[in-house]
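Participant: one predicted model, sequence on top.
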Amino acid sequence: MESGAEQAPDIAILLAQTWRARPGQTIDSEAICRIWTYDLGWFDMRTAARVRDGLIDSGWLEMVSGGLSPAVDLSSVELPFAWMPVMRVLENPPLLSEGKSVEPVEKVEEETAEMSVEPTPQPAAVDPATAHITVLLEQISESSNLDRKEVMRRAQRKRRALGPVTLWMALLLVAREQRLSMPGLVRTISA
């Protein structure tokens, strides 16, 4: 098996997250859509089916007797905290089949570097509240008696509904929905 993380990290993370609880097993083609829609809250059922079909057509998912199986080795894929799939990549996944593979990242960077004139480094905007997301998640989970995964699921649902909202703001909205005391939580992210 080829390393999916090297070829298309977003797709490899999506597959690793999907098979996290079932390594080495197959998943029914309808069940994979339900996992993405209801368990992980990433898509609606129509979008999940479209993504599934695109990943099958491009070779990332293989149809086997018991259902679907990833066509790449997912053992070395690290799952980032609060990761969400990028639809731009999933709408048109790169081909993964024998004789066809995605160009390595280094080669693409070399071509881009030749074409560009020296870029001016821009300082990245840093949101200091992002450093406290784990602590905030833990506080909300303990205070509301909800599981951490449930708090994160609700926060991600709010992010999808509201658009460009930071994770810490979505977590605060979940806390407010649970009628938790806000001053302590706000102090956590502003420390």
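Facilitator: Good, I have the coordinates.
Participant: what strand or helix carries residue 170?
Facilitator: helix 167-177 (DSSP states H and E).
Participant: which other residues reach that helix?
Facilitator: 82, 127, 129-130, 132-133, 136-137, 140, 143-144, 151, 154-156, 158-159, 162, 165, 182, 185-186, 189 (Cβ atoms under 8 Å, 6 or more residues apart in numbering). For glycine as for every other residue, the C-beta is placed from the backbone atoms N, C-alpha and C.
Participant: in PyMOL, select just the buried ones from those residues.
Facilitator: Selecting only the buried entries of those in PyMOL, with 16 or more other Cβ atoms under 10 Å as the criterion:
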select buried, resi 129+132+133+136+137+140+143+144+151+154+155+156+158+159+185+189
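Participant: restricted to helices, list the contacts of helix 167-177.
Facilitator: 133, 136-137, 140, 143-144, 151, 154-156, 158-159, 162, 182, 185-186, 189 (DSSP state H).
Participant: which SSE is residue 62 in?
Facilitator: strand 61-64.
Participant: now the element after that strand, going C-ward?
Facilitator: Following strand 61-64 in sequence, per DSSP H and E, is strand 67-70.
Participant: list the helices and strands that next one packs on?
Facilitator: helix 29-34, strand 61-64 (3 or more Cβ pairs under 8 Å, 6 or more residues apart in numbering; DSSP states H and E).
Participant: rebuild those as JSON lines, extending it with mean neighbour count.
Facilitator: Compiled in JSON lines, the helices and strands packed on strand 67-70 are given as follows (neighbours: other Cβ atoms under 10 Å):
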{"stretch": "helix 29-34", "mean neighbour count": "17"}
{"stretch": "strand 61-64", "mean neighbour count": "15"}
